[in-house]
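Dropping the sequence and predicted coords here.
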Protein chains: 2
Amino acid sequence: MTNIIDSYKGSANLFKLLGHPARLAILTILREGEQCVCHIEAMLKLRQAYISQHLMVLKDAEIIADRRDGWNIYYRVVMPEIFEIMNIMFLVSGRPDTIDHAHAKANCPCPKCHPEKAQPPDKGVILSSE
Amino acid sequence: MTNIIDSYKGSANLFKLLGHPARLAILTILREGEQCVCHIEAMLKLRQAYISQHLMVLKDAEIIADRRDGWNIYYRVVMPEIFEIMNIMFLVSGRPDTIDHAHAKANCPCPKCHPEKAQPPDKGVILSSE
DNA sequence: TAATCACATTCAAGATGACGAATATAATTG
DNA sequence: CAATTATATTCGTCATCTTGAATGTGATTA
């Protein structure tokens, strides 16, 4: 523990998590704010279980956190410095640091992507309740 | 290749290289300029062959480059952005981004660490015979 | 040219990570 | 409560990474 090498383990472990293209893609999707799993699924066209596995890894490392809202679970980044790191790396690697969400919204069933379904108009239009 | 995930592979591969404590330590040692392998060896107290293996990996990725001078081979970082990335990560992980070279110089036999041997003042005076 | 020095390379076993398949769970709806 | 929806977890196999041991190589010196 008093070893020089060991003192780099924490940083190395975080870098290791960033060393996977799917996880970099997921984090980029979360750059503009929280998103549900189905949105990520629609964006990346990867199996849901596979995405969940990566989300679990990122959550264990406390890079992201989740929040449930009804059927959906929304993930968000809670370690914003990660984006600064990614920015520089994307610059070096010649990769744009943003990603287009538009085309995914059509395929994502969550209420965030379909606000018109969020408050079913025929339910009795409760504009303000308790 | 037209895949979103694939477009992150380049960045991911670089992150993967940073995902190893020994490599982070080596890069930190090179932060202040080129160093020979024996210096890194003296700093980290790791086997020479092991260090060479990591240096090879970093060189293949064109993060570092080498230069031979007599018996010694000096390595230097040729991708300075890597330090900006490491700076941020070390800040997040609570690790100082510098490393003390002083104690290693005593154990490193290279002429850079022992300038007095670099230019023998008088070749005739042999204080201790072989 | 043989010995020495600094460093590189190869090999192999063990450890870790990736990822598909199948299954489980919590919230919601009817 | 049963069915459905969104998401999580477990398991097993295959691939990659790690790391020690042994050995090879180029530059230098005697």
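Looks like it came in fine.

which SSE is residue A:27 in?
Using DSSP states H and E, residue A:27 sits in helix A:21-29.

And DNA strand C, is that helix touching that?
Yes - legend: contact between helix A:21-29 and DNA strand C by C-beta under 7 Å from any atom of the strand is shown at residue A:22. Quick note: C-beta positions are derived from backbone N, CA and C, even for glycine.

Counting by contacts, list what that helix packs against.
Judged by 3 or more C-beta pairs under 8 Å, 6 or more residues apart in numbering or on different chains; DSSP states H and E, the packing partners of helix A:21-29 are helix A:9-18, helix A:37-44, helix A:48-60, helix A:81-93, helix B:9-18.

possible to save those as JSON lines with mean neighbour count, mean pLDDT and distance to DNA strand D?
Output for these, formatted as JSON lines (neighbours: other C-beta atoms under 10 Å in any protein chain shown; pLDDT from 0 to 100; distance: least, C-beta to the nearest atom of the strand, whole Å):
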{"stretch": "helix A:9-18", "mean neighbour count": "20", "mean pLDDT": "98", "distance to DNA strand D": "8"}
{"stretch": "helix A:37-44", "mean neighbour count": "21", "mean pLDDT": "97", "distance to DNA strand D": "3"}
{"stretch": "helix A:48-60", "mean neighbour count": "15", "mean pLDDT": "98", "distance to DNA strand D": "3"}
{"stretch": "helix A:81-93", "mean neighbour count": "19", "mean pLDDT": "98", "distance to DNA strand D": "16"}
{"stretch": "helix B:9-18", "mean neighbour count": "20", "mean pLDDT": "98", "distance to DNA strand D": "6"}
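
And those: which comes nearest DNA strand C?
Closest of the helices and strands packed on helix A:21-29 to DNA strand C is helix A:48-60, at 3.5 Å (criterion: C-beta to the nearest atom of the strand).
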